[in-house]
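**Student:** Okay, sequence plus prediction incoming.
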Amino acid sequence: MIDLNNFYCEDCKITMNKMKNNLVDLILTSPPYNMTKRKGGYADKEKRYDQYNDWRSEKEYNEWTVDIFKKFDEILNKNGVVLYNFSYSIENPSLPYTMISSIINETNFTVADTIIWKKNTAIPHPASYNRLNRIVEFIFVIVRKNEIKTFNCYKNVTKISPKGQKYYEVIDNFITAKNNDKSTD
């Protein structure tokens, strides 16, 4: 059993195993992007993570992600939502798409929407002759397949027509926010 009001610095699977009786409405996460192949590069594993191996094969990474989503299924309340922030590396720009495909094909989850997050700082900066600067990241709105029409979004009703039709506040799927593309030591 864990206290949901605390932070736990441990493997997320360990934490989720302790949460069997603690269900949540929202999981907001930015997992490792699997992009530390280049020694000394931006995402060098010796600088980013103490324990996580951040350069797995695509197959290994997608299997790891599927395992995480199977744990999410155990701790997420009915009609709950996973907000999954994910970018990609120049070594494997197709990874977000194979990862999402694995989630959809091998778990109870699907993509309900996508939020585009525009950051202040882009990578790889002007060091690449054939790559565009990535000024945005995806935040996938992921829900259980059988809850695609019922998941909670908590949008406020702004008007009800004389016939009872509800109209909701407008919330765009494009956000601008600062990012922290630097060491967190």
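**Tutor:** Okay, I see it.

**Student:** Assign a three-state SS to W64, would you?
**Tutor:** helix (DSSP: H, G, I helix; E, B strand; the rest coil).

**Student:** can I assume Y167 is in contact with K155?
**Tutor:** No: judged on CB atoms under 8 Å, Y167 makes no contact with K155 at a distance of 10.0 Å. Glycine gets a C-beta too; all of them are placed from N, C-alpha and C.

**Student:** what about the strands in this protein?
**Tutor:** 24-29, 76-86, 109-123, 134-144, 157-160, 166-168, 174-176 (DSSP state E).

**Student:** Could you export those to JSON lines, including columns for mean neighbour count and mean pLDDT?
**Tutor:** Below are those laid out as JSON lines (neighbours: other CB atoms under 10 Å; pLDDT from 0 to 100):
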{"stretch": "strand 24-29", "mean neighbour count": "14", "mean pLDDT": "93"}
{"stretch": "strand 76-86", "mean neighbour count": "18", "mean pLDDT": "95"}
{"stretch": "strand 109-123", "mean neighbour count": "16", "mean pLDDT": "89"}
{"stretch": "strand 134-144", "mean neighbour count": "19", "mean pLDDT": "93"}
{"stretch": "strand 157-160", "mean neighbour count": "10", "mean pLDDT": "97"}
{"stretch": "strand 166-168", "mean neighbour count": "11", "mean pLDDT": "96"}
{"stretch": "strand 174-176", "mean neighbour count": "11", "mean pLDDT": "92"}
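
**Student:** Same list, those, but as CSV with distance to W55 please.
**Tutor:** Below are the strands of the chain laid out as CSV (distance: least, CB to CB, whole Å):
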stretch, distance to W55
strand 24-29, 19
strand 76-86, 16
strand 109-123, 17
strand 134-144, 19
strand 157-160, 47
strand 166-168, 43
strand 174-176, 29
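
**Student:** Neighbours of Q165, how many?
**Tutor:** Residues lying near Q165 (other CB atoms under 10 Å) number 8.

**Student:** Which pLDDT value goes with it?
**Tutor:** We have a pLDDT of 97 for Q165.

**Student:** Good, we can wrap up now.
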